[in-house]
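Asks: with the sequence up front, the predicted model follows.
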Amino acid sequence: MAFEPIAGQPGLFRDSDNPDPNVVYNIRDFREGDKYDNIAIPTGPIQPGAEFLFFQDIQGKREVDTNLRTPSKLSAGESMVLDRIGLYVRSCTGVAFTVPQDVKSIMDNAFYRLEINGLLQDEGPAIKFPSGYGLYGQTNESGQGIVAVGVPATASASKLLKKQLLNQNHEILGRLRFDQRPWLTAGATPFFTSAAAITPVVTTQAQTSPPEDAAVLVTNFLHGLIRAAVSK
């Protein structure tokens, strides 16, 4: 379902895929917000073909990690007009501070794909999906810095060409995948480098004594207009 605004009638939309002009959707009682989920990428080399799934496993997560109550779906009675997709690498989790090279390793090497009911909504290199959220500026911490996926301003984040209407019947799946890239490795033409040299590596450690290996959290935001059930 693709939403198109009705000229001169704010809050009223038609489905461009529905030929019936009498079908009108009223979103005046929606609020602007996000549905989001986190995945954890552990310290060490990220093997070719590794895939991390958003919105699938919510067990044990708190609201700082996800605001889905049902795996892969909106809550009963909830609906959403999906307007924007974003990815954000968390700059720290507790005393595990993500180093700038890990942000670059993840965002410049990963491929992202969003599917709704198994149908492709958008895909591309992860760096294509700035969230408009995040920190910005300079730090003087040893080995630290702030790396943002795009400018932290929601107005700078690209929007979907066609808005999508989601409800509790839609299965939501975000994939973050690290592909094997044989054309870049030794023996390819033209030669670029070795397979080991293009394997992304996460180096983040928690600042404990002794230091501990720590994962890097990546958040997938689905931004748009949300309507919750009027009763539970």
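Replies: Great, that's in hand. Residues are numbered from 1 along each chain as shown.
Asks: contacts only, for residue 58.
Replies: 37, 66, 68, 69, 70, 71 (Cβ atoms under 8 Å, 6 or more residues apart in numbering). For glycine as for every other residue, the C-beta is placed from the backbone atoms N, C-alpha and C.
Asks: so where does the first one fall, helix or strand?
Replies: Of the helices and strands defined by DSSP states H and E, residue 37 is found in strand 31-41.
Asks: and the next element down the chain from that strand?
Replies: Following strand 31-41 in sequence order, the next helix or strand is strand 44-45 (DSSP H and E).
Asks: just to revisit the earlier point, what does the strand holding residue 37 contact?
Replies: 52-55, 58, 61, 65-68, 74, 80, 90, 106, 172, 174, 176, 202, 215-227.
Asks: give me the buried subset of the residues you listed.
Replies: 52, 54-55, 58, 65-68, 74, 80, 90, 106, 172, 174, 176, 202, 215-227 (16 or more other Cβ atoms under 10 Å).
Asks: which of the residues you listed fall in helices?
Replies: Among the buried ones among the contacts of strand 31-41, DSSP state H puts residue 106 in helices.
Asks: okay, residue 211: pLDDT?
Replies: At residue 211, the pLDDT value in this model is 95.
Asks: would you mind listing where this protein has pLDDT under the threshold?
Replies: Along the chain, segments meeting pLDDT under 70 span 1-3, 10-11, 17, 25-28, 229-232.
Asks: can you give me the helices for it?
Replies: 100-107.
Asks: next, count neighbours for the nearest residue to residue 182 once chain neighbours are set aside.
Replies: With Cβ to Cβ, 6 or more residues apart in numbering as the criterion, residue 182 has its nearest non-adjacent residue at 6.3 Å, and that residue is residue 188. Residues near residue 188, counting by other Cβ atoms under 10 Å, number 12.
Asks: what's residue 188 sitting at in phi/psi?
Replies: phi -80, psi 160 (degrees, to the nearest 10).
Asks: my read: it touches residue 194, true?
Replies: No. Judged on Cβ atoms under 8 Å, residue 188 makes no contact with residue 194 at a distance of 10.6 Å.
Asks: and for residue 169, nearest residue in space, chain neighbours not counted?
Replies: residue 73 (7.8 Å).
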